[in-house]
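Enquirer: Okay, sequence plus prediction incoming.
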Amino acid sequence: MRRTIYIGGAAATFVCLSLILSVVDFGAVISGEDPDPVATILSDAFGPVGSKIVIVVVLISFVSCALSLQAAASRLIYSYARDGMIVGSRLWSKFDHHRAVPPYALLFAAVVPGILIVGSAVSTDALTKLISFGAIGIYIAFQMVVFAALRARVKGWIPNGKYQLGKWAMPVNIGALVYGVAAIINISWPRTPDAAWYDNYIVALLCAAVIGSGVLYMVLARSHNNGTAPFGDAIRKRPSPTNSTATEPQPEPAGATDVH
């Protein structure tokens with residue numbers, strides 16, 4: 001994991017700095033006279049044909065990313081459907097053993113983004129809003145895990161994995177949460193005061209709609225109770241002065257008999 005972060009971070013930093021240092025006229029970029037500085041840089045460096053070849057290479061990497069995201073989304077849909085935790089579980093949980101994929105979940109993960117892209121043609125700057133919404137969704141998902149880890153640490157949880165930060169674990173956890181929340185606010189902050197209020201707050205409104213519908217479904221359907229995996233077993237009580245090995249008794253998780 002660390003090697004992946006080092007290599008990926010170094011490569012991304014190198015590309016970013018290279019593009020920035022290649023900009024000839026920053027004033028044109030800032031004023032909007034050059035709306036696509038990356039295309040300008042590639043055209044100046046490689047010519048009209050070479051720049052298109054570079055774009056094709058970049059496009060291949062984007063297709064690879066899209067396929068990996070589609071696969072991840074289909075697996076998430078399938079896993080929830082397998083445990084009967086979402087609407088349409090019977091369909092989404094079907095599995096093709098010959099191809100080793102959940103076909104309907106995979107199709108759903110491809111069709112819905114396609115509909116959104118086609119529908120974006122009727123809205124101004126729709127793709128920008130969709131990208132912003134997708135980015136803020138990733139940040140929210142990450143911060144849910146970061147917040148849960150911070151809550152567990154405060155309650156005495158000590159991770160047992162090989163990769164540990166020791167005394168830096170709590171500061172890094174807090175810093176990650178602060179950064180993530182700040183990024184969420186930054187992405188959802190309205191930047192088009194001349195637009196209609198619903199267009200100006202579209203990212204925040206979409207987030208509220210998705211989270212609100214999810215909470216409503218959870219409260220009404222209570223399908224999360226269908227899960228049989230152990231839960232709540234990561235919290236351990238801090239050692240007391242009189243009993244350094246004291247642990248907090250854990251309730252038997254739902255479906256523990258089936259799991260064991």
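Expert: In hand now; what should we look at? Numbering: from 1, shown residues only.

Enquirer: how much space between the residue nearest in space to the middle of the chain and Lys94?
Expert: Geometric centre of the chain, nearest residue: Ile138, 2.4 Å, by CA atoms, centre = their mean. Ile138 sits at a distance of 28 Å from Lys94 (criterion: CB to CB, to the nearest Å). Where you see a C-beta, it was placed from the backbone N, CA and C, and this is true even at glycine.

Enquirer: How about Leu21?
Expert: According to CB to CB, Leu21 and Lys94 sit 52 Å apart.

Enquirer: Kindly report the same for Leu206.
Expert: Counting by CB to CB - Leu206 and Lys94 are separated by 30 Å.

Enquirer: if you count what's nearby, which of the two comes out ahead?
Expert: Remark: of Leu206 and Lys94, Leu206 carries more neighbours, 17 against 14, as counted by other CB atoms under 10 Å.

Enquirer: how far away is the more buried one from Ala126?
Expert: 12 Å.

Enquirer: Please apply the same query to Phe46.
Expert: Counting by CB to CB, the separation of Phe46 from Ala126 is 31 Å.

Enquirer: and what of Thr4?
Expert: To Ala126, Thr4 is 33 Å away according to CB to CB.

Enquirer: The helix or strand containing Ile30: how far from the chain's middle?
Expert: Here Ile30 sits within helix 26-31, counting by DSSP states H and E. The chain centroid and the centroid of helix 26-31 are separated by 32 Å under CA atoms, centre = their mean, to the nearest Å.

Enquirer: now the helix or strand just after it: mean pLDDT?
Expert: Next helix or strand after helix 26-31 toward the C-terminus (DSSP H and E): helix 37-82. Summarised as a single mean, pLDDT over helix 37-82 is 89.

Enquirer: Now do helix 37-82: which elements does it pack against?
Expert: Judged by 3 or more CB pairs under 8 Å, 6 or more residues apart in numbering; DSSP states H and E, the packing partners of helix 37-82 are helix 2-22, helix 89-92, helix 103-119.

Enquirer: re the thing from before, compare Thr4 and Ala126 (neighbour count), which wins?
Expert: Using other CB under 10 Å, the more surrounded residue of Thr4 and Ala126 is Ala126, with 15 against 8.

Enquirer: which non-adjacent residue is nearest Ser223?
Expert: What sits nearest to Ser223 in space, not counting adjacent residues and going by CB to CB, 6 or more residues apart in numbering, is Met85, at 4.5 Å.

Enquirer: Phi, psi for the one you found please.
Expert: phi -110, psi 0 (degrees, to the nearest 10).

Enquirer: count of neighbours near Cys16?
Expert: Other residues close to Cys16 by other CB under 10 Å number 10.

Enquirer: how close does it get to Cys65?
Expert: From Cys16 to Cys65 the distance is 17 Å (CB to CB).

Enquirer: just the helices in the stretch 151-260 of the chain please.
Expert: Ranges of helices in the stretch 151-260 of the chain, per DSSP state H, counting those that start in this stretch, are 169-188, 197-200, 202-221, 256-259.

Enquirer: what about those, which gets the closest to Tyr104?
Expert: Each of these has some distance to Tyr104 by CB to CB; the shortest is helix 202-221, at 19.7 Å.

Enquirer: what does that closest one contact?
Expert: Identification of contacts with helix 202-221 by CB atoms under 8 Å, 6 or more residues apart in numbering yields 87, 129, 132-133, 136-137, 140, 187-188, 190, 198, 223-224.

Enquirer: Many thanks, we can stop here.
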